[in-house]
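Asks: the following comprises the amino acid sequence and a computationally predicted model.
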Amino acid sequence: MFVLPILLSIPAIVFARRARRIARDLPGRPGWAAATWGLWLGWFTLLWPTLLVAVFVVGATGGTMS
């Protein structure tokens with residue numbers, strides 16, 4: 001539940017950046033919006049489980065990280 005989204009978001013970010021680069025070079029920028037959404041969703045999917053794990057670890061340790 002936590003590992004798979006993190007692993008799959010990395011290729012999503014890479015492919016979305018590549019798609020934006022390709023769309024930037026085309027007249028009228030077809031696909032620019034979809035590539036931008038893919039980039040945002042890739043970053044969100046990468047950060048959200050990471051933050052959840054961090055909150056869980058801090059909560060499990062009682063807020064002390066020593």
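Replies: That came through, no problem.
Asks: for the rest of this, base every contact and every neighbour count on C-alpha atoms.
Replies: Will do.
Asks: can you map out the helices along the protein?
Replies: Counting by DSSP state H, one finds helices in the chain at the ranges 3-25, 32-60.
Asks: make CSV out of the ones you listed and add mean pLDDT and mean neighbour count.
Replies: Formatted as CSV, the helices of the chain follow (pLDDT from 0 to 100; neighbours: other C-alpha atoms under 10 Å):
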stretch, mean pLDDT, mean neighbour count
helix 3-25, 91, 16
helix 32-60, 89, 15
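Asks: quick one: contacts for the closest residue to Ser9 other than its chain neighbours?
Replies: Computed as C-alpha to C-alpha, 6 or more residues apart in numbering, the closest residue to Ser9 that is not its neighbour in sequence is Gly42, at 4.8 Å. Contact analysis of Gly42 by C-alpha atoms under 8 Å, 6 or more residues apart in numbering lists 9-10, 12-13.
Asks: isn't Ser9 right next to Thr45, touching?
Replies: Yes - using C-alpha atoms under 8 Å, Ser9 makes contact with Thr45 at a distance of 5.9 Å.
Asks: and the most centrally placed residue in the chain, how far from Ile13?
Replies: Nearest to the mean C-alpha position of the chain, by C-alpha atoms, centre = their mean, lies Trp43 at 2.1 Å. From Trp43 over to Ile13 the distance is 7 Å, taken as C-alpha to C-alpha, to the nearest Å.
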